[in-house]
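Engineer: need a 3D model of the sequence below.
(one chain, ligands or ions: 1)
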Amino acid sequence: MDEQAKKTALRRIPYGLFLLTAKNGDDIASGTVNWVTQTSFKPPMVAVGIKQDSHPYGVVKASGAFAINALGADQKDVAQTFFGTVKPEGDHLGPLTFKAGTTGSPVIKESPAYWECRVVGVLEQGDHHVFLGEVVEAGVNNETPTLLMRDTGWNYGG
Ligand SMILES: Cc1cc2nc3c(=O)[nH]c(=O)nc-3n(C[C@H](O)[C@H](O)[C@H](O)COP(=O)(O)O)c2cc1C
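Structural biologist: Purely as a prediction, here's the structure:
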């Protein structure tokens with residue numbers, strides 16, 4: 001396989017940017033993700049690829065739940081902040097505030113929209129594992145469009 005062609009071709013997949021959050025006991029994890037897609041209407045399900053050696057991976061695995069908080073087009077700086085580890089302080093996660101969702105996962109108040117999932121399957125292949133989540137709760141805070149990878153100049157794929 002032509003390595004450059006593989007990279008260029010795979011980077012044609014359009015992505016949005018989201019903040020993945022999860023909680024296991026007192027352990028709260030968060031991270032910016034783009035490998036997110038809906039996979040079923042009934043029941044509503046989404047899949048997310050989570051990096052095996054990341055903090056969110058262990059917390060989602062242990063809790064069996066996660067939330068996906070959409071990032072708004074005006075939240076590029078927030079996306080950048082959550083490429084690294086952010087320690088929660090009270091109800092704050094870096095520049096954001098959160099409340100506990102139905103699944104216990106932190107739900108971000110400044111996020112345009114979010115949904116919470118219970119993990120119903122994990123595909124343990126590759127350096128990211130695919131977590132299949134059934135959507136059990138959702139909320140909408142505002143109508144700001146989702147931050148798109150193509151508008152950031154970043155890439156995660158290829
Ligand atoms: C543009 C971009 C997109 C990313 N997308 C994903 C993703 O889809 N899944 C994932 O597990 N990590 C993704 N990451 C990495 C996570 O943001 C990062 O591993 C995580 O937030 C940090 O976890 P840590 O607490 O272990 O440092 C992405 C990083 C960048 C720079």
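Engineer: so which strand or helix has the residue nearest in space to the middle of the chain?
Structural biologist: Nearest to the geometric centre of the chain sits Leu20, at 3.0 Å (CA atoms, centre = their mean). According to DSSP states H and E, Leu20 maps onto strand 18-24.
Engineer: quick one, whatever helix or strand comes next after that strand and strand 18-24 angle?
Structural biologist: Counting by DSSP H and E, the element after strand 18-24 in chain order, helix or strand, is strand 27-33. Counting by axes from the mean of the first three to the mean of the last three CA atoms, to 10 degrees, strand 27-33 lies at 160 degrees to strand 18-24.
Engineer: quick one: distance of strand 27-33 to the chain centre.
Structural biologist: 8 Å (CA atoms, centre = their mean, to the nearest Å).
Engineer: name the residues that touch it?
Structural biologist: Here strand 27-33 makes contact (CB atoms under 8 Å, 6 or more residues apart in numbering) with 17-23, 48-51, 54-56, 58-60, 62, 68, 71, 79-80, 82-83, 86, 88, 93, 106. (Each C-beta comes from the backbone N, C-alpha and C, glycine too.)
Engineer: for that strand, which positions count as buried?
Structural biologist: Within strand 27-33, the residues that qualify as buried are 28-33, counting by 16 or more other CB atoms under 10 Å.
Engineer: now swap in stretch 34-53 and tell me
Structural biologist: 34-36, 45-50.
Engineer: which among the residues you listed are in contact with the ligand?
Structural biologist: Among these, the residues that sit close to the ligand (CB under 6 Å from any ligand atom) are 34-35, 49-50.
Engineer: for this structure, longest strand please?
Structural biologist: strand 128-140 (DSSP state E).
Engineer: what residue in this protein comes nearest to the ligand?
Structural biologist: Gly31 (2.5 Å; CB to the nearest ligand atom).
Engineer: how close does that residue get to Tyr156?
Structural biologist: The gap separating Gly31 from Tyr156 is 11 Å, by CB to CB, to the nearest Å.
Engineer: before we move on, what about Thr85?
Structural biologist: Taken as CB to CB, the span from Thr85 to Tyr156 is 17 Å.
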